[in-house]
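>>> how would this look folded up:
(4 chains)
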There are 2 protein chains.
Amino acid sequence: MSVHERKQREQAERERLIVATARELAEQQGWDAVTTRRLAERIEYSQPVLYSHFRGKREIIGAVALDGAAELAAAARSAASAEDDPRARVTALSRAYLDFAEQHPAVYDAIFQLDGGLAFAQDDTPEPLKDAFAALMETLGEVAGEGVDPGLFTELFWASLHGIATLTRAGRLPREFAEQRVDLLVERLVVV
Amino acid sequence: MSVHERKQREQAERERLIVATARELAEQQGWDAVTTRRLAERIEYSQPVLYSHFRGKREIIGAVALDGAAELAAAARSAASAEDDPRARVTALSRAYLDFAEQHPAVYDAIFQLDGGLAFAQDDTPEPLKDAFAALMETLGEVAGEGVDPGLFTELFWASLHGIATLTRAGRLPREFAEQRVDLLVERLVVV
DNA sequence: CTCGATTGTCTAGCAGTGCTAGACTCCTCT
DNA sequence: AGAGGAGTCTAGCACTGCTAGACAATCGAG
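Presented below is the predicted three-dimensional model:
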């Protein structure tokens, strides 16, 4: 049975390689450049091998998204834990969120912009996505204010951050006032 | 010279036909279904004709975006003008904005999500886009609050609406609490 | 240690994409 | 009436995601 196990290990190893390579390629040259041919060439296997691991390109994007969501959650928790004051925590969280979107645009797109075939806001939503939302809620739920549902508040705050992130990245918002926008958002939305 | 003028008129007419057909097709079956072949077939011309009007598919998307931006501006102004109270005006504006995104998803994507080769937040930004932003600012600039730049405030509020619109449409936010989210956004961000 | 079966991988190809070169037809103006 | 030019089309390029079927490497049984 040991042979079989080794094969499974190699299989899993190669799957990680595919996801990592797809992500790398996407971050270097954008998702448009991630074609099945180029991806196959980079992992030094032929195209059909990809399809023995994933149902199609969409599932590969989905896999990158799940990895990314875990990282985003970690970044959020790390930033929040560095501050004591609830308001300062929210500011730190917001900055970390926007930094993540700015520094890993391809991954951010995989999570929130592209179709990775993932379920959201449902029972069968994958754990990493639920956990990323939970990470936001840990900090944001505290400052929702009297009589406001923490989940609803988190959704709203998150949507605002998402809007800022995407519009900035698409060149729809000038980058120079990014700081002020975040400060204003926190100042107005947060209730302590 | 009259013959020449007639040809120019026909040319302009056909250009409108292309844009309208692209939009129709996108709203019916999504932008993925808008291929140059299908589009050409619908306007009953061959593919290369498209390229005598537009540099490529991207420019066609851009043309749909400009039309859409003008409509969005009109919808915003119409909704705002129906209310007297500044706060109620903002609520009406927000609803109208989100309704537009919900009811014309393809057009909304053309404006804000897809690459139509348009400049944003710059000097050479096309007039309809500047005007759409201006329409938002007319209502939102009034409620920015003391010492807050109306432009910055409008950008922030707009980004929040955009985030809600895109995340809702992508299934990332449950639709059922849409109303409450908008109410909360207006309540917190607006200063009267 | 050999041999059949299974597993894994590859080559080659399909139907589709955006876009364009070059042939051809029709209309306008002299 | 015929030359010139504008307008349109057919055919094709290089690419996309994805898959069928041929082939080779590996495994377990005798």
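>>> I'd like to know how many residues surround A:E127.
As a burial measure, A:E127 scores 11 neighbours (other CB atoms under 10 Å in any protein chain shown). Where you see a C-beta, it was placed from the backbone N, CA and C, and this is true even at glycine.
>>> which regions of chain A sit below the pLDDT cut-off?
A:1-5 (pLDDT under 70).
>>> how about the residues of it near DNA strand C?
A:K7, A:Q11, A:Y45, A:S46, A:Q47, A:P48, A:V49, A:S52 (CB under 7 Å from any atom of the strand).
>>> out of everything not next to it in sequence, what's closest to A:V190?
Excluding the flanking residues, the one nearest A:V190 by CB to CB, 6 or more residues apart in numbering or on different chains is A:V143, at 4.4 Å.
>>> So that neighbour is in contact with A:E187, correct?
No: the pair A:V143 / A:E187 is not scored as a contact, 11.5 Å apart, by CB atoms under 8 Å.
>>> Look at those two and report which has more neighbours.
A:V143 (20 against 14).
>>> and the more buried one, what does it touch?
A:P86, A:R87, A:V90, A:F153, A:V190, A:V191, A:V192 (CB atoms under 8 Å, 6 or more residues apart in numbering or on different chains).
>>> Dihedrals phi and psi, A:Q113?
Dihedral angles of A:Q113 (phi, psi; degrees, to the nearest 10) stand at phi -110, psi -40.
>>> Quickly find the element holding the residue nearest the centre of chain A.
For chain A, A:A69 is the residue whose C-alpha lies nearest the centre (CA atoms, centre = their mean; 3.8 Å). Using DSSP states H and E, A:A69 maps to helix A:57-81.
>>> Disregarding residues adjacent in the polypeptide, which is nearest to the residue of chain A at minimum distance from DNA strand C?
Going by CB to the nearest atom of the strand, DNA strand C is nearest to A:S46 of chain A, at 3.4 Å. Closest residue to A:S46 apart from its sequence neighbours, by CB to CB, 6+ apart: A:A40 at 5.8 Å.
>>> hang on, isn't that neighbour packed against A:S52?
No: with contact defined as CB under 8 Å, A:A40 does not reach A:S52; the gap is 11.6 Å.
>>> how about stretch A:27-37: buried residues?
For stretch A:27-37, a neighbour-count test (16 or more other CB atoms under 10 Å in any protein chain shown) marks A:E27, A:W31, A:V34, A:T36 as buried.
>>> ok, the residues you listed vs DNA strand D, which is closest?
A:T36 (3.8 Å).
>>> residues near A:R172, how many?
21.
>>> Ramachandran coordinates for it?
phi -80, psi -20.
>>> For it, give me its contacts.
Applying CB under 8 Å, 6+ apart to A:R172 gives the contacts B:F112, B:F120, B:A121.
>>> again, 10 Å this time
Residues near A:R172 by CB atoms under 10 Å, 6 or more residues apart in numbering or on different chains: A:163, A:166, B:111-112, B:118, B:120-121, B:125, B:129, B:133, B:155, B:158-159, B:162.
>>> The longest helix belonging to chain A near chain B at all?
Counting by DSSP state H, the longest helix found in chain A is helix A:2-29. No: counting by CB under 10 Å from any CB of the partner chain, chain B is not contacted by helix A:2-29; separation bottoms out at 15.3 Å.
>>> buried sites along that helix?
In terms of neighbour count (16+ other CB under 10 Å), helix A:2-29 has its buried residues at A:R14, A:E15, A:I18, A:V19, A:T21, A:A22, A:R23, A:L25, A:A26, A:E27.
>>> wouldn't A:Y97 be in contact with A:G163 here?
No: applying CB atoms under 10 Å as the test, A:Y97 and A:G163 come out as separate, 11.9 Å apart.
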